[in-house]
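Novice: sequence? don't have it. structure:
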């Protein structure tokens, strides 16, 4: 049978002189002395059997071994060193963190080879520290130990273990001792990273980098020309254009000139560190995000203008988990009014509160009224102050709003697919991302009006919501949104209706003789207070014409009514009356509808009724006070008669009567 001794394939010596009777015992001992046979294990002592090396046998005896014992290659190699190969985590970390002089880490395969070298040397040290194991594995003769160790190392299968230790026993011995002295550092080459790369003085580096950072944006040849103009004065060496490019392309330099040369946005695209959101456990309506942008659809701005372009804006609320659009507003502005409309639609769609609501830093979101709305919108905390929702704006320039990323895909997948889209931007470089201006111009006569674009936008929303979810590809965004929610706080518009009304505290409006003018954006609305029968409220007009009111309104129901409020003595806003859109009357008889003329006549009576009422009130006042215009005339005639020499008390009475009467005559 074959066995390994001292990591050498061996056979029992007695096979030669006893079992197979190939040679005499005395011949066996002579051959061992002369080295013709190599003993791998001595046979001294009880139960000990001598073994000889298979590879050192004469060829004729090897053939007999093959015939009697079989192919030795099929014998499992028992290399004792393999049993002691244990990963050295400190070595793995050392080589992983090591950096060459140029800042580059070691290649992954080099890290593996060097860490394996350490494992093998550690195994040798472990075996040598145990005399019994070492004697059995490598023999007892000092002159043969390192040869046996080298054989053991060379016998380690390279398919399983990648290493690069010396194959020569003397070189292996020197490397082992170096390792014991210097540790892992013995595998770091002195000339590592020295590949004759560009070496520049610090002042040369500073000049090149600082000049290239300028917003003038010199090309490399221009930069080299600038350098050559000053190099002799500074005793700098000549350098090539490729050397300059090599220097500028180094990451630690590129990140500096990218920021200074192109700005923060370009720097961020290549170097800004980003966080990865943990979306595990998300569900529909856990996170809403709102954002607005220009709708890239070409149209004429109005019927009286030849201006053609994309002026409409969209304000969209996304459910971030499903990516479904659950609320939106389409208008020529992107103001807090549009935010209200989009959120109102989202609340109607969801019927529950989000646990997180984010938005950008646009001023419309940061108004007190919007912040109050957002605080009322998100989930409420329980009695322990937990499980509540939150809202916050994303930092300017961070571009980490999920709504921004969703808008990009919405733009690419849906909006730009309509023929009247102006593409992603007129500045984009790729022709595929720009509109065909000739085609759009040739078909300008059939461009859609802003009103028609509302229907087109609803179509775009449906197309987006019905597309497959990018991660849950078997389901559409709508189907993902309709999945069951593990937790939910119900919400209806009624719950936050008071927050949905806009309150113009800082911009009071005067109620004038014709009613109240309210301007929202570029549109002017007129309102008037009516009584319960739908007639003009004369009592309100009597008391409040000329008063300034705080206006509260729902931006989606401006054609319904608005609230006129005043501040009470406790600085509380109190609703005084509701005003409805002012009636418009047709003056051309042929254009009048049934009942128009009668209603017009009723409203025209107001002026006569108010005049008669105020005149009656004045007469009642005269009767109560006795101060009348006739009395004033009598008193002044008396004063003239006595040429102003009335007694002092009587003159004062006349003058007082004159002043009061003068004031009363103004009404």
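Specialist: Yes, it's here. Note that this is a predicted model, so its numbers are computed, not measured.

Novice: contacts and neighbour counts: CA atoms only from here.
Specialist: OK.

Novice: Tell me the helices and strands packed up against the biggest strand by length in the chain.
Specialist: Counting by DSSP state E, the longest strand found in the chain is strand 502-512. Contact partners of strand 502-512 among helices and strands, from 3 or more C-alpha pairs under 8 Å, 6 or more residues apart in numbering; DSSP states H and E: strand 515-520, strand 548-553.

Novice: For residue 130, find the nearest of these.
Specialist: strand 548-553 (90.8 Å; C-alpha to C-alpha).

Novice: Now do that closest one against strand 515-520, angle only.
Specialist: Orientation of strand 548-553 against strand 515-520 (axes from the mean of the first three to the mean of the last three C-alpha atoms, to 10 degrees) gives an angle of 50 degrees.

Novice: Please identify the pairing partners of strand 548-553 and their relative orientation?
Specialist: Using DSSP bridges, the strands paired with strand 548-553 in its sheet are strand 502-512 (antiparallel), strand 562-567 (antiparallel).

Novice: chain center to the last one: distance?
Specialist: Chain-centre distance of strand 562-567: 42 Å, with C-alpha atoms, centre = their mean, to the nearest Å.

Novice: What are the contacting residues of it?
Specialist: 548-554, 573-580 (C-alpha atoms under 8 Å, 6 or more residues apart in numbering).

Novice: Tell me which residues of that strand come out buried.
Specialist: Using 16 or more other C-alpha atoms under 10 Å as the test for burial, strand 562-567 gives 562, 563, 564, 565, 566.

Novice: And the longest one, by the same measure?
Specialist: For strand 502-512, burial by neighbour count (16+ other C-alpha under 10 Å) applies to 502, 503, 508, 509, 510, 511.

Novice: mean confidence for stretch 547-556?
Specialist: Throughout stretch 547-556, pLDDT has a mean value of 88.

Novice: ok, which stretches of the stretch 301-450 of the chain are strands?
Specialist: Ranges of strands in the stretch 301-450 of the chain, per DSSP state E, counting those that start in this stretch, are 308-309, 313-319, 324-331, 356-359, 390-393.

Novice: ranking the ones you listed by mean pLDDT, which is last?
Specialist: Minimum mean pLDDT among the strands of the stretch 301-450 of the chain: strand 308-309, a mean of 62.

Novice: Show me where the stretch 501-650 of the chain dips below the pLDDT cut-off.
Specialist: Per-residue confidence for the stretch 501-650 of the chain (pLDDT under 70) gives these ranges: 595, 643-650.

Novice: hmm, I was thinking of the stretch 351-500 of the chain
Specialist: Applying pLDDT under 70 to the stretch 351-500 of the chain flags residues 383-385, 396-400, 423-446, 498.

Novice: and stretch 353-365, which residues are buried?
Specialist: So stretch 353-365, judged by 16+ other C-alpha under 10 Å, has buried residues 353, 354, 355, 356, 357, 358, 359, 360, 362, 364, 365.

Novice: end-to-end on that stretch?
Specialist: 18 Å (C-alpha to C-alpha, to the nearest Å).

Novice: the longest helix in the chain is where?
Specialist: helix 596-625 (DSSP state H).

Novice: Can you name every helix or strand that the following helix or strand past that helix contacts?
Specialist: Going down the chain from helix 596-625, the next helix or strand is helix 629-641, by DSSP states H and E. Where contact means 3+ C-alpha pairs under 8 Å, 6+ apart, helix 629-641 is packed against helix 648-664.

Novice: quick revisit: mind putting the helices and strands packed on strand 502-512 in JSON lines, mean neighbour count included?
Specialist: Output for these, formatted as JSON lines (neighbours: other C-alpha atoms under 10 Å):
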{"stretch": "strand 515-520", "mean neighbour count": "16"}
{"stretch": "strand 548-553", "mean neighbour count": "20"}
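
Novice: closest to residue 223 out of these?
Specialist: strand 515-520 (55.1 Å).

Novice: now residue 218, what's its secondary structure?
Specialist: Classification of residue 218 by DSSP: H, G, I helix; E, B strand; the rest coil places it in coil.

Novice: how about it, what does it touch?
Specialist: Residue 218 neighbours (C-alpha under 8 Å, 6+ apart): 211, 212.

Novice: how close does it sit to residue 254?
Specialist: Distance from residue 218 to residue 254, counting by C-alpha to C-alpha: 15 Å.

Novice: From the rest of the structure, what touches the host helix or strand of residue 246?
Specialist: In the assignment (DSSP H and E), residue 246 maps to helix 241-248. Outside helix 241-248, the residues within contact range by C-alpha under 8 Å, 6+ apart are 198, 208, 209, 220, 221, 224, 253, 254.

Novice: would TSV of those residues with distance to residue 176 and neighbour count be doable?
Specialist: Below are these laid out as TSV (distance: C-alpha to C-alpha, whole Å; neighbours: other C-alpha atoms under 10 Å):
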residue	distance to residue 176	neighbour count
198	36	12
208	47	19
209	46	19
220	50	16
221	53	14
224	51	17
253	41	14
254	43	19
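
Novice: what's the closest of those to residue 231?
Specialist: Nearest to residue 231 among the contacts of helix 241-248: residue 224, at 10.0 Å, using C-alpha to C-alpha.

Novice: Show the contacting residues for the closest one.
Specialist: 240, 241, 244.

Novice: For it, pull up the helix or strand it's in.
Specialist: Judged by DSSP H and E, residue 224 forms part of helix 220-231.

Novice: buried stuff in the helix holding residue 246?
Specialist: Buried residues in helix 241-248 (16+ other C-alpha under 10 Å): 244, 247, 248.

Novice: rewinding a little: what angle sits between the longest helix of the chain and helix 629-641?
Specialist: 50 degrees.

Novice: For the remainder of this discussion, apply numbering that starts at 45.
Specialist: New numbering, starting at 45: the last item is helix 640-669.
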